[in-house]
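[1] could you look at this predicted model? Sequence included:
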Amino acid sequence: MGSEHAPAMDDLAGHASTPPATLESQLVEAARAGDRMAFGRLYDRFAPMIHGLLLARVPYAEVDDLVHDVFLQAIRRLGSLRRAESFGAWLAAIARNRARDHFRRRADTVDLPDDLVAAPEPDGQALEVLGAIKQLPEAYRDTLILRLVEGLTGPEIAERTGLTHGSVRVNLHRGMQMLRDALGGSAKP
Amino acid sequence: MSDYLWDKRGEPDEEARRLESLLGSLRSRRGAPDIPSGLSRPPLRLWPLVAVAAIVLLALSVTWSRLPQASGGRWQVTWLEGTTWSDIRVVRETSVGAGEWVETGASRARLAVGDIGEVQLDPSTRVALVDTGQRDHRLSLARGRMHATIWAPPGQFYVETPAAVAVDLGCRYSLEVAADGSGILRVEAGWVGIEHGGRLALVPAGAIADTRTGTGPGTPHYEDASSGFDRALDVVDFGGAGAARREALAVVLSEARERDALSLWHLLTRTTGEDRGRVHDRLAALVPAPAGVTREGILRGDRAMLEAWWAELGLGSAEFWRSWTSPWTER
């Protein structure tokens, strides 16, 4: 059993053996105690991952707001997180749920304020390539976005998501090959 | 394989670099949000209390109706296609409420367990939602295989199977049910408790427990135990009484390693008389009993002594297990 339960971004959890207190765990504990600086450091560390996961699921223009939503939701619920070392996995799950909710709530629109400053318009070619990545299977899509958009290295992706190095490598290289195919034999848009 | 794609070192991969440059414009430039005051609070240390509540609920579950009954909102179901979990594509999203079934057929599905975790359902799996959070979070797995990842405090997520009820103790695990109702629980992280008719198994990461309809959970054992140990334990658990069981128990005891104290400790409550004495002697050779724990006390099923010995196994707090062993009254 479980041999085909290969790692995707969903396969994220803590481990049974008690690991040494990591910086991440210490930051989570400090944030739980109300330390805003610790929360800021967690944000710096995990915001690229959350931004990437959301970018893979919702329209570009709405990602930044949702990243904030995810972190605010996380700080409210930190008390329910039993394993501080599972923070990344837990946060990723909140992000995926938030992305799903986003589509359910889209009908509930509100008028935008007149003084709203629009985000800079992204490069059209970049959105075109992003669109191609978003058509890939979930594991490849997430990993490629974390690598190519967010600029994380493979080891950093593994560390943040809980995936093994081998899984991230596979996802990166298979994903890149599929992206090349999707873009017409070359990765050029 | 390009090292550059992996860690940005080695021979530059021009294609990857060009895409990085292009897609980097989509990166967020925003800082952290302001945290409204009073949002974060120190965590409540409710582990022992929750565990007590869990075991009480687990005991009650024997008589709990298996028909989905309560309602607590609906859970999101993400339907997926793909041959493995690493190669999946979202097909559609639906929701499911208490009293409704999810049957995957050739697809896979991911079920959001409220906001406390996720369950992945393999193909050919059939589950019913029994309670979506009103009293607890509860599924009924009729057949197939599920993989649960739960990040809530222990004792909030239950899975009923034809042979036993599993309660999550903060962990990740797989549960499989065959056509005849027998099953297997495999724990990947944390702990799972599984019970039927007062017969309990506490299964840690790296260990498994078989289940049989009408009998309940077998003795938990580590997956790296010898095949002889594994086969003999199956006979001890499900092979009935008599000479065959006694011979199998002898194999279990002779093949047991120190790590298998987990299994032997459980066998102390699954054997009686002379057999219990033999289990005691082998366990004592592997993990000496602490002061105050006597052979006579173990033979009569002294609960305090069982707990004290458990604490010597290096598997977790005796305080925590006290709540779990409470239904194992002296026998």
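    Alright, I've got the coordinates.
[2] neighbours of residue 74, just the number please.
    Going with chain A. A total of 23 residues lie near residue A:74 under the criterion other Cβ atoms under 10 Å in any protein chain shown. The way it works is simple: take the backbone N, C-alpha and C, and place the C-beta from them, glycine included.
[3] to clarify, I was referring to chain B.
    By the criterion of other Cβ under 10 Å, residue B:74 has 16 neighbours.
[4] so, in contact with chain A or not, stretch B:199-215?
    Yes. Between stretch B:199-215 and chain A, judged by Cβ under 8 Å from any Cβ of the partner chain, the touching residues are B:204-206.
[5] now tabulate the residues you listed in a markdown table and tack on neighbour count and pLDDT.
    Shown next, in a markdown table, are those (neighbours: other Cβ atoms under 10 Å in any protein chain shown; pLDDT from 0 to 100):
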| residue | neighbour count | pLDDT |
| --- | --- | --- |
| B:204 | 19 | 88 |
| B:205 | 19 | 86 |
| B:206 | 17 | 89 |
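[6] in JSON lines: these, plus secondary structure.
    Listed next are the residues of stretch B:199-215 next to chain A as JSON lines, based on DSSP: H, G, I helix; E, B strand; the rest coil:
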{"residue": "B:204", "secondary structure": "strand"}
{"residue": "B:205", "secondary structure": "coil"}
{"residue": "B:206", "secondary structure": "coil"}
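[7] could you see whether chain B lies near stretch A:141-154?
    Yes. Using Cβ under 8 Å from any Cβ, stretch A:141-154 comes into contact with chain B via A:145, A:147-151, A:153-154.
[8] of these - the most surrounded one?
    That'd be residue A:148 among those, by other Cβ under 10 Å, with 30 neighbours.
[9] so that one touches residue B:18, yeah?
    No. Here residue A:148 does not reach residue B:18: they are 9.9 Å apart, not a contact under Cβ atoms under 8 Å.
[10] ends of stretch B:188-205, what's the gap?
    This stretch, stretch B:188-205, spans 5 Å end to end (Cα to Cα, to the nearest Å).
[11] domain-wise, how is chain A divided?
    Per the record, chain A has its domains at A:20-107, A:124-189, by automatic domain parsing.
[12] tell me the bridge partners for residue B:131.
    residue B:138 (DSSP bridges).
[13] what is the neighbour count of it?
    Neighbour count for residue B:131, taken as other Cβ under 10 Å: 20.
[14] could you do residue B:114 as well?
    Around residue B:114 there are 17 other residues, counting by other Cβ under 10 Å.
[15] which non-adjacent residue is nearest it?
    residue B:133 (4.7 Å; Cβ to Cβ, 6 or more residues apart in numbering or on different chains).
[16] gap between the one you found and residue B:112?
    Residue B:133 sits 11 Å away from residue B:112, going by Cβ to Cβ, to the nearest Å.
[17] please apply the same query to residue A:175.
    Computed as Cβ to Cβ, the residue A:175 to residue B:112 distance reads 25 Å.
[18] repeat that for residue A:155.
    30 Å.
[19] what's the answer for residue A:142, then?
    Relative to residue B:112, residue A:142 is positioned 17 Å away (Cβ to Cβ).
[20] and what of residue B:232?
    Look at residue B:232 and residue B:112: by Cβ to Cβ, they are 41 Å apart.
[21] so the two - more neighbours on which side?
    Taking neighbours as other Cβ under 10 Å, residue B:232 and residue B:112 compare with residue B:232 leading, 24 against 21.
[22] what about the stretch 201-331 of chain B, any weak spots by pLDDT?
    Along the stretch 201-331 of chain B, the parts satisfying pLDDT under 70 run over B:316-331.
[23] right, and chain A sits closest to which residue of it?
    Of all residues in the stretch 201-331 of chain B, residue B:205 sits closest to chain A, at 2.9 Å by Cβ to the nearest Cβ.
[24] what is the neighbour count of residue B:118?
    Residues near residue B:118, counting by other Cβ under 10 Å, number 25.
[25] can you tell me the closest non-neighbouring residue to it?
    Of all residues not flanking residue B:118 in the chain, residue B:149 sits nearest, at 5.3 Å (Cβ to Cβ, 6+ apart).
[26] same deal with residue B:208?
    Leaving out its chain neighbours, the residue that sits closest to residue B:208 by Cβ to Cβ, 6+ apart is residue B:186, at 4.7 Å.
[27] please name the bridge partners of that neighbour.
    Beta-bridge partners, per DSSP bridges, of residue B:186: residue B:174, residue B:208.
[28] mind checking the SS state of residue B:80?
    strand.
[29] report pLDDT for it.
    pLDDT for residue B:80: 88.
[30] what's the burial count for residue B:26?
    Neighbourhood size, residue B:26 [other Cβ under 10 Å]: 21.
[31] now do the same contact list for it.
    Residues near residue B:26 by Cβ atoms under 8 Å, 6 or more residues apart in numbering or on different chains: A:55, A:60, A:122, A:126-127, A:130, A:149.
[32] quick one: the strands in the stretch 51-200 of chain B, in order.
    B:75-81, B:89-96, B:101-103, B:108-113, B:117-121, B:126-132, B:137-150, B:157-160, B:165-168, B:172-177, B:183-189, B:191-196, B:199-204 (DSSP state E, counting those that start in this stretch).
[33] which other helices and strands contact the fourth one?
    Applying 3 or more Cβ pairs under 8 Å, 6 or more residues apart in numbering or on different chains; DSSP states H and E, one finds that strand B:108-113 makes contact with strand B:75-81, strand B:117-121, strand B:137-150.
[34] in its sheet, which strands sit next to it, and in what direction?
    strand B:75-81 (antiparallel), strand B:117-121 (antiparallel).
[35] may I see the buried residues of the longest one?
    This points to strand B:75-81. Buried residues in strand B:75-81, counted by 16 or more other Cβ atoms under 10 Å in any protein chain shown: B:75-80.
[36] dump the residues you listed into CSV; add distance to residue B:255 as well.
    Output for those, formatted as CSV (distance: Cβ to Cβ, whole Å):
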residue, distance to residue B:255
B:75, 43
B:76, 46
B:77, 44
B:78, 44
B:79, 45
B:80, 41
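[37] ok, residues contacting stretch B:137-144?
    With Cβ under 8 Å, 6+ apart, stretch B:137-144 has contacts from B:66, B:68, B:104, B:111, B:113-114, B:116-117, B:119, B:121-131, B:146, B:156-162, B:175-179, B:183.
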